[in-house]
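[1] kindly generate the corresponding structure for this input.
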Amino acid sequence: MAKAIHAMIRVLDETRSVGFYETAFGLGIAQRLDFDDFTLVYLRNDEADFELELTINKGRADPYDLGNGYGHIAFCVDDLDAEHARFEAAGLSPRKIVEFNRDGSLLARFFFVQDPDGYQIEVLQRHGRYR
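    Below you'll find the model as predicted:
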């Protein structure tokens, strides 16, 4: 059986990106590997084994083209309202909280936030399949 272990995104500024993911989601550096042309930074927290891999290509100054395919990373939290308020207080500019209902039942409650490189991140209330 396969096990998901990480997702990778390319970022321009290591310090800014590491700071964002630490402030927003409590992710810390699990490992940092420096090579001649690029650096890999693996971020994680105690909630899961899954890691976010940041790839920093040295010498690149232009933002990455994220394309027109909509994609995102998702995190779930125990108290969505408290996290939304914390994001606002930290200056992370979360979008408004949205509720999805289906057949009269709550399917999901969430908000999105954008990281420094323009990646979209969904923050979901722990509920149903989002544990």
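[2] C-alpha only now, for contacts and for neighbours.
    Fine.
[3] tell me the contacts of the residue nearest to residue 119 when sequence neighbours are not counted?
    Beyond its immediate neighbours in the sequence, the residue positioned closest to residue 119 (CA to CA, 6 or more residues apart in numbering) is residue 72, lying 6.8 Å away. The neighbourhood of residue 72, defined by CA atoms under 8 Å, 6 or more residues apart in numbering, consists of 119-122.
[4] what's the answer for residue 105, then?
    Applying CA under 8 Å, 6+ apart to residue 105 gives no contacts.
[5] show me the beta-bridge partners of it.
    Under DSSP bridges, the beta-bridge partners of residue 105 are residue 102.
[6] could I get the full set of helices for the protein?
    Secondary structure of the chain (DSSP state H): helices at 14-25, 80-89.
[7] tabulate those (a markdown table), appending mean neighbour count and mean pLDDT.
    Formatted as a markdown table, the entries for the helices of the chain read as follows, by neighbours: other CA atoms under 10 Å; pLDDT from 0 to 100:
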| stretch | mean neighbour count | mean pLDDT |
| --- | --- | --- |
| helix 14-25 | 16 | 97 |
| helix 80-89 | 16 | 98 |
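[8] quick one: which of these is nearest residue 107?
    Closest of these to residue 107 is helix 80-89, at 14.3 Å (criterion: CA to CA).
[9] quick one: average confidence on stretch 29-37?
    Confidence over stretch 29-37, taken as the mean pLDDT, stands at 96.
[10] what's next to that stretch, contact-wise?
    For stretch 29-37, the external contacting residues (CA under 8 Å, 6+ apart) are 18, 39-44, 57-58.
[11] mind listing what's buried along that stretch?
    Taking 16 or more other CA atoms under 10 Å as the basis for neighbour counts, the residues of stretch 29-37 that come out buried are residue 29.
[12] now could you export just the CA positions of that stretch as CSV?
    Once side chains and other backbone atoms are set aside, the C-alpha atoms of stretch 29-37 remain, and they are given as CSV (Å, rounded to 0.1, in the frame of the first residue of the first chain):
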residue,chain,number,x,y,z
ILE,A,29,11.8,22.7,9.5
ALA,A,30,12.2,18.9,9.6
GLN,A,31,15.2,18.9,7.3
ARG,A,32,17.1,21.4,5.0
LEU,A,33,19.2,20.2,2.1
ASP,A,34,21.4,22.7,0.3
PHE,A,35,22.7,21.9,-3.2
ASP,A,36,24.6,24.0,-5.7
ASP,A,37,21.6,25.1,-7.7
